[in-house]
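Participant: quick check, what structure comes out for this input:
(one chain, ligands or ions: 1)
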Amino acid sequence: MTVLDDLRPRLGRRLLTGPAELAVFGCDALTAFYERPAAVVLVESADEVVAVVRACHREGVPFVARGSGTSLSGGSLPIGGGVVIALNRLDRVLSVDPDARTAVVEPGVINLDVSRAALPHGLMYCPDPSSQSVCTIGGNLAFNSGGAHCLRHGMTANHVLGIRAVLPDGELVELGGDSVEPLGPDVAGMFCGSEGLFGIALEVTVRLVAVAEATHTALAVYDSLEQAGDAVARIVAAGLLPVAMEIMDALAIEAAEASVKPNYPKGAALLIVELEGERGVVDADAAALRELLRASGAGEVVATEDPDARALIWKGRKSAFSAVGWLAPDYIVQDGVVPRTRLGEALAEIGRMGAAAGIRVANVFHAGDGNLHPLILFDGREPGMLERAEALAGDILRLCIRLGGSITGEHGVGVEKREYLPLMFTPADLELMRRLRRAVDPAELANRGKMLAVA
Ligand SMILES: Cc1cc2nc3c(=O)[nH]c(=O)nc-3n(C[C@H](O)[C@H](O)[C@H](O)COP(=O)(O)OP(=O)(O)OC[C@H]3O[C@@H](n4cnc5c(N)ncnc54)[C@H](O)[C@@H]3O)c2cc1C
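Facilitator: The predicted model follows:
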């Protein structure tokens, strides 16, 4: 590829241009969208990222950063070709400072590896997407990713202090720093969640927190999804602040059982609630939780502090997306949000919409913050099924907006939800976003076509 010809001697076999080599980089976890890149570079240093970005800028060629390609909104799709910069080999935890409770990591570090590096110091990295065993910190940063335990601890943006980045014109910048109270405007905050539109993160300084003294996990079974949703509102209204509250419906339970066999009790819906903190506080909260679950109509309640039993409960929940592969060849997962108080109503309406469309919808989601994940199951080999599934996904997003929520909680806009942005933002809001984008990247080379359509 001409744009990278100068770099070919340096990159050698790490510059991929053959059709077979490029094929796997043409999509991410949202497989409904596919575009083959013109080239892929398997970079091994920050200097190489900068060199590739500068070459692309010089020649006016679009480029896309790619971590592990687990985006569910087409974030790492190379729209219109261009160069994919694959960052997985930048996978070093550069330092852990137990006194400052920070770590400095390269962008290709796997999320879970940050906690693994911090654990010997009694520390951990909080944001825990269900994909945490494979997704990278660079991808988490770009999408401001969340996870089951972000209910109390906050999303990625709450845990990133500083970013060393290369801007789309090849300039190097340091955003934020290593303090929780940086001076000046929060430019690191602006970069976080920008879906790669402002350049590529080369180094990220993250906050670490102490591993809790006690962790208590309760699993409650309900006769209906609405009951489980209403229980979440009750728990919050009672003043408890669990670290996680997750719901799975009967289809999601069936998929998890077929796949990783967590041996969940039988029911129409499951609510997982996790408490953590100092021993005395967890004991008092666990007693209050028991009462609340009983009052909310829960059938069987399993409560445990045993690490292996807890791990099995979470394995079922965190494997649920991939597990639905046991139920249907294809799925689209939506990521809309509704106010917590309207969870029951939203779930009932999604059930009605799925039935009317003749499409099965499994639900597994971050109930504590109203972040729904309806999994729309279909067989893409059947003519017209993808379009019908996409239409249902769009209707669900409109429902979320109608109920006072959002089109995305954590999976980003990517290419998939671009057309829904005007449902949430005014033309003036969108114009401001575009002006910010253009101020940093006038030629719109970085992750072209994501979030905002190319003007
Ligand atoms: C089974 C499954 C479960 C999931 N569960 C969750 C969940 O619980 N919570 C959640 O939030 N998400 C979840 N996701 C979505 C996904 O894992 C996250 O969005 C994750 O952050 C993507 O990381 P990645 O390394 O795969 O990034 P990629 O998919 O490779 O890229 C994602 C975006 O980040 C950009 N990017 C990557 N690296 C950089 C960088 N260094 N600098 C700038 N931009 C960059 C890319 O250009 C792209 O726009 C799940 C996905 C799957 C498949």
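Participant: in contact with the nearest residue to H411 once chain neighbours are set aside, which residues?
Facilitator: Ranked by Cβ to Cβ, 6 or more residues apart in numbering and with sequence neighbours excluded, the top spatial neighbour of H411 is D335, at 4.0 Å. Just so you know, the C-beta spots here come from the backbone N, C-alpha and C atoms, and that holds for glycine as well. Residues near D335 by Cβ atoms under 8 Å, 6 or more residues apart in numbering: L72, S73, N371, L372, H373, I407, T408, G409, E410, H411.
Participant: the last one and the ligand, how far apart?
Facilitator: So that's H411. 5 Å (Cβ to the nearest ligand atom, to the nearest Å).
Participant: quick one: low-confidence parts of the protein?
Facilitator: 1 (pLDDT under 70).
Participant: tell me the residues of it that contact the ligand?
Facilitator: Taking Cβ under 6 Å from any ligand atom as the contact definition, the chain meets the ligand at 28-29, 64-72, 75-76, 87, 107, 129-131, 135-136, 138-140, 142-143, 145-147, 195-196, 200-201, 321-322, 410-411, 447, 450.
Participant: now, of those, which are buried?
Facilitator: Neighbour-count burial (16 or more other Cβ atoms under 10 Å) applied to the residues of the chain next to the ligand gives 28-29, 64-72, 75-76, 87, 107, 129-131, 135-136, 138-140, 142-143, 145-147, 195-196, 200-201, 321-322, 410-411, 447, 450.
Participant: can you give me phi and psi for the most centrally placed residue in the chain?
Facilitator: Residue closest to the mean C-alpha point of the chain, counted by Cα atoms, centre = their mean, is S145 at 4.0 Å. Main-chain dihedrals, S145, degrees, to the nearest 10: phi -60, psi 150.
Participant: distance between the ends of stretch 55-68?
Facilitator: Taking Cα to Cα, to the nearest Å, the first and last residues of stretch 55-68 lie 23 Å apart.
Participant: CA atoms of stretch 421-432 as PDB?
Facilitator: Extracted in PDB, the C-alpha atoms of stretch 421-432 (Å, rounded to 0.1, in the frame of the first residue of the first chain):
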ATOM      1  CA  LEU A 421     -28.100  10.400  17.700                       C
ATOM      2  CA  PRO A 422     -30.700  13.000  16.500                       C
ATOM      3  CA  LEU A 423     -33.200  11.400  18.800                       C
ATOM      4  CA  MET A 424     -31.200  12.400  21.800                       C
ATOM      5  CA  PHE A 425     -29.400  15.500  20.700                       C
ATOM      6  CA  THR A 426     -30.500  18.800  19.100                       C
ATOM      7  CA  PRO A 427     -28.900  20.000  15.800                       C
ATOM      8  CA  ALA A 428     -26.900  22.500  17.800                       C
ATOM      9  CA  ASP A 429     -25.600  19.800  20.100                       C
ATOM     10  CA  LEU A 430     -24.500  17.700  17.200                       C
ATOM     11  CA  GLU A 431     -22.900  20.600  15.500                       C
ATOM     12  CA  LEU A 432     -20.800  21.300  18.600                       C
END
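Participant: which residues touch it?
Facilitator: Residues contacting stretch 421-432 (Cβ under 8 Å, 6+ apart): L397, R398, I401, S406, I407, V413, M433, M451, L452.
Participant: do a quick rundown of the strands in the stretch 101-250 of the chain.
Facilitator: 102-105, 123-124, 160-166, 172-176, 200-207, 209-210, 214-222, 244-249 (DSSP state E, counting those that start in this stretch).
Participant: need the next SSE after the last one, C-terminal direction.
Facilitator: On the C-terminal side of strand 244-249, the closest following helix or strand by DSSP states H and E is helix 250-259.
Participant: tell me which helix or strand comes right after that next one.
Facilitator: strand 269-277.
Participant: can you list the buried residues in the helix or strand following that following strand?
Facilitator: Beyond strand 269-277 in the direction of the C-terminus, DSSP H and E gives the next helix or strand as helix 279-295. The neighbour-count check on helix 279-295 (16+ other Cβ under 10 Å) flags V282, D285, A286, L289, L292, L293 as buried.
Participant: helices or strands up against helix 279-295?
Facilitator: Applying 3 or more Cβ pairs under 8 Å, 6 or more residues apart in numbering; DSSP states H and E, one finds that helix 279-295 contacts strand 214-222, helix 225-237, strand 269-277, strand 301-304.
Participant: count the residues that sit near A117.
Facilitator: Look at A117: counted by other Cβ atoms under 10 Å, it has 21 neighbours.
Participant: mind checking how far it is from E257?
Facilitator: Separation of A117 from E257 (Cβ to Cβ, to the nearest Å): 34 Å.
Participant: please apply the same query to R8.
Facilitator: 51 Å.
Participant: and what of I401?
Facilitator: 34 Å.
Participant: contacts only, for whichever residue of the stretch 151-300 of the chain sits closest to the ligand.
Facilitator: The nearest approach of the stretch 151-300 of the chain to the ligand comes at G196, 3.4 Å away (Cβ to the nearest ligand atom). Neighbouring residues of G196 by Cβ under 8 Å, 6+ apart: V64, A65, G75, A142, A446, N447, K450.
Participant: same for the helix or strand encompassing the first one, what does it pack against?
Facilitator: Here V64, judged by DSSP H and E, is contained in strand 63-66. Contact partners of strand 63-66 among helices and strands, from 3+ Cβ pairs under 8 Å, 6+ apart: helix 46-59, strand 83-86.
Participant: mean neighbour count for those - can I get that in TSV?
Facilitator: Compiled in TSV, the helices and strands packed on strand 63-66 are given as follows (neighbours: other Cβ atoms under 10 Å):
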stretch	mean neighbour count
helix 46-59	19
strand 83-86	24
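Participant: will you turn the ones you listed into a markdown table that also has distance to T17?
Facilitator: Shown next, in a markdown table, are those (distance: least, Cβ to Cβ, whole Å):
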| stretch | distance to T17 |
| --- | --- |
| helix 46-59 | 13 |
| strand 83-86 | 10 |
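Participant: what about the helices in the stretch 301-450 of the chain?
Facilitator: Counting by DSSP state H, counting those that start in this stretch, one finds helices in the stretch 301-450 of the chain at the ranges 307-318, 320-323, 343-357, 385-402, 421-424, 427-440.
Participant: single out the most deeply packed of those helices.
Facilitator: Highest mean neighbour count among the helices of the stretch 301-450 of the chain (mean count of other Cβ atoms under 10 Å): helix 320-323, with a mean of 22.
Participant: mind listing residues that contact that one?
Facilitator: By Cβ under 8 Å, 6+ apart, helix 320-323 touches 130, 248, 252, 255-256, 258-260, 331, 333, 362, 364, 373, 375.
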